[in-house]
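Student: got a predicted model here, sequence first, then my questions.
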Amino acid sequence: MTKHNSFETLAVHAGEDPDQFAGSVSVPIFNASVFAFTDADEAAAIHNFEKPGWFYGRLGNPTQDALERAVCQLEGGESALAFASGMAAVTGAILTAVRSGDHIVAPAAHYSTTGSFLEFLESDFGVAVTYIDQTDPENYRAAIRPETKLLYIETPSNPTLKITDLEAVAAIARENGLTTICDNTFATPFNQMPLKHGIDVVLHSATKYLGGHSDLTAGMIVGDKDFVEKARLKTTKLFGGNIAPQTAWLVLRGIRTLALRMERHNSNAQRVADFLAEHPRVKGVNYPGLASHPNHDVVRRQMRGFGGMISFDVGTIDAGKALLNNVKLCTLATSLGGVETIIQHSASMTHAGLPREERLKAGITDGLIRLSVGIESAEDLIGDLDRALQNT
Ligand SMILES: *Cc1c(COP(=O)(O)O)cnc(C)c1O
């Protein structure tokens with residue numbers, strides 16, 4: 001355990017424990033689905049969670065544990081749990097917080113598959129959901145009912161970069177005895193630490209910035225020990241969405257450079273956003289780091305940096321698709337948070353299944369482009385976008 005607490009130092013060292021691993025500085029990959037006990041008493045104690053230890057792959061292993069300790073430290077939490085994907089973390093966290101008959105207040109603008117899951121909970125499992133404009137915390141308060149258990153947050157939101165005031169929503173939750181969960185995928189703990197602002201549970205698609213290299217899918221939740229251990233026993237044990245040991249190791253390796261990468265994602269995205277905001281072919285830019293962002297004051301209070309995600313509007317579906325065909329450096333794909341810049345057109349790709357009216361209500365305009373700004377040269381990226389926009 002390191003004595004130094006700056007994020008940069010923690011990112012490099014969090015979770016390491018060379019004493020436990022024959023001096024190995026890199027945490028070993030435990031390719032094991034089964035762990036033997038020394039005697040019957042130990043078998044009983046570990047099996048019944050009376051003594052810490054490993055016994056079966058679905059319930060963890062030392063590689064997964066190192067990753068969990070690392071992300072826990074980076075988010076400033078008490079306990080963490082790793083999953084095989086971000087959606088396993090989203091569903092695991094939500095199902096730990098609610099049961100049939102409960103009510104959730106959720107943001108209208110959110111990661112689309114989180115929305116599909118909430119609809120599924122509502123249609124098949126009797127959990128009611130109210131969607132609100134998350135940019136005003138009072139909308140959370142106004143939607144609370146006697147059955148409400150959970151205020152769900154995603155800030156900045158995917159893909160419209162809407163901002164929720166974490167402290168204000170945490171205060172409303174405390175007054176009403178409710179749980180708060182915040183999807184921190186876009187910001188990463190380098191830019192935003194929701195637990196410090198009073199949020200109960202943080203979750204990540206570690207597929208994105210924590211992994212950082214577009215080579216894995218994983219998810220994380222961080223919170224107090226009671227919540228996380230309940231999630232471990234209720235969701236990973238029963239549903240089995242646990243992370244594979246190799247994947248846990250890859251996420252941990254990604255985290256070692258998280259601070260460096262986020263610095264460059266932040267500075268590149270700011271330069272690209274400034275460029276796009278001035279471009280005559282661009283109708284509007286969503287980026288928390290622009291003074292023109294409607295919640296820029298909240299951003300300044302709760303974010304250390306403004307992240308690598310931008311969305312901008314080029315007007316029409318045809319212009320959006322033309323831009324995708326005209327870029328050469330930006331990769332046309334549907335993920336984010338990797339070292340390479342990734343571009344997508346929401347109306348024809350991720351949100352093509354939504355009726356236009358509903359899509360517009362969620363802020364996904366016809367020409368909305370989502371850009372995950374990578375760590376290449378900012379000049380090269382601006383050059384690529386400039387040339388592509390001239391031809392669009
Ligand atoms: C990608 C993403 C998820 C889901 O993560 P997967 O790893 O794809 O399962 C959840 N929330 C946000 C904000 C995301 O961007």
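Tutor: Received it, and whenever you're ready, just let me know what you need.
Student: for the residue of the stretch 251-392 of the chain found nearest the ligand, give its distance to Tyr111.
Tutor: Proximity of the stretch 251-392 of the chain to the ligand (CB to the nearest ligand atom) peaks at Leu336, 6.1 Å away. Yep, even glycine has a C-beta here, placed from its N, CA and C like the rest. Distance, Leu336 to Tyr111, using CB to CB, to the nearest Å: 10 Å.
Student: and for Tyr287?
Tutor: With CB to CB as the criterion, Tyr287 and Tyr111 are 18 Å apart.
Student: look at these two and report which has more neighbours.
Tutor: Tyr287 (27 against 21; other CB atoms under 10 Å).
Student: skipping adjacent residues, who's closest to the more buried one in space?
Tutor: In space, and not counting its chain neighbours, Tyr287 is closest to Ala273: 3.8 Å by CB to CB, 6 or more residues apart in numbering.
Student: hang on, isn't the one you found packed against Val282?
Tutor: No: with contact defined as CB atoms under 8 Å, Ala273 does not reach Val282; the gap is 10.2 Å.
Student: and those two? Which one has more around it.
Tutor: Ala273 (25 against 20).
Student: hmm, back to that, which residues sit in contact with the residue of the stretch 251-392 of the chain closest to the ligand?
Tutor: 158, 186, 208, 308-309, 342, 370, 372 (CB atoms under 8 Å, 6 or more residues apart in numbering).
Student: what distance do you get for the residue in the stretch 1-150 of the chain that the ligand sits nearest to to Thr113?
Tutor: Closest approach of the stretch 1-150 of the chain to the ligand (CB to the nearest ligand atom) occurs at Gly86, with a separation of 2.0 Å. From Gly86 across to Thr113, the span is 9 Å (CB to CB).
Student: where does the residue lying closest to Asn61 once chain neighbours are set aside fall, phi/psi-wise?
Tutor: Spatial nearest neighbour of Asn61, chain neighbours left out: Phe30 (4.3 Å); criterion: CB to CB, 6+ apart. Here is the backbone geometry of Phe30 (degrees, to the nearest 10): phi -90, psi 90.
Student: which residues in the stretch 101-250 of the chain form helices?
Tutor: 112-125, 137-143, 166-176, 188-191, 225-231, 237-239, 245-256 (DSSP state H, counting those that start in this stretch).
Student: could I get these as a markdown table with mean pLDDT and mean neighbour count?
Tutor: Listed next are the helices of the stretch 101-250 of the chain as a markdown table, based on pLDDT from 0 to 100; neighbours: other CB atoms under 10 Å:
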| stretch | mean pLDDT | mean neighbour count |
| --- | --- | --- |
| helix 112-125 | 96 | 15 |
| helix 137-143 | 98 | 18 |
| helix 166-176 | 98 | 19 |
| helix 188-191 | 98 | 26 |
| helix 225-231 | 97 | 17 |
| helix 237-239 | 94 | 13 |
| helix 245-256 | 98 | 22 |
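Student: dump those to a markdown table, plus distance to the ligand.
Tutor: Formatted as a markdown table, the helices of the stretch 101-250 of the chain follow (distance: least, CB to the nearest ligand atom, whole Å):
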| stretch | distance to the ligand |
| --- | --- |
| helix 112-125 | 6 |
| helix 137-143 | 19 |
| helix 166-176 | 15 |
| helix 188-191 | 11 |
| helix 225-231 | 16 |
| helix 237-239 | 14 |
| helix 245-256 | 11 |
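Student: distance of Trp272 from Phe312?
Tutor: For residue 272 the amino acid is Val, not Trp. 9 Å.
Student: what is in contact with those two at once?
Tutor: Leu371.
Student: which ones are touching the residue of the stretch 201-350 of the chain found nearest the ligand?
Tutor: Here the stretch 201-350 of the chain gets closest to the ligand at one residue, Ser205, 3.0 Å apart by CB to the nearest ligand atom. Ser205 is in contact with 85-87, 89-90, 111, 183, 185, 217-219, 337, counting by CB under 8 Å, 6+ apart.
Student: related to what we said a few turns ago, next, show the common contact partners of Leu336 and Tyr111.
Tutor: In contact with both Leu336 and Tyr111: Asn158, using CB under 8 Å, 6+ apart.
Student: with adjacent residues omitted, what lies nearest to the residue most central in space within the chain?
Tutor: Geometric centre of the chain, nearest residue: Thr185, 1.8 Å, by CA atoms, centre = their mean. Leaving out its chain neighbours, the residue that sits closest to Thr185 by CB to CB, 6+ apart is Ser205, at 4.6 Å.
Student: is that neighbour bridged to anything, and to what?
Tutor: Gly219 (DSSP bridges).
Student: near the ligand, which residues of this protein are found?
Tutor: 85-87, 90, 111, 113-114, 154, 158, 183, 185-186, 205, 207-208, 217, 219 (CB under 6 Å from any ligand atom).
Student: go with 5 Å
Tutor: Selection of the chain residues close to the ligand by CB under 5 Å from any ligand atom yields 85-87, 111, 158, 183, 185, 205, 207, 217.
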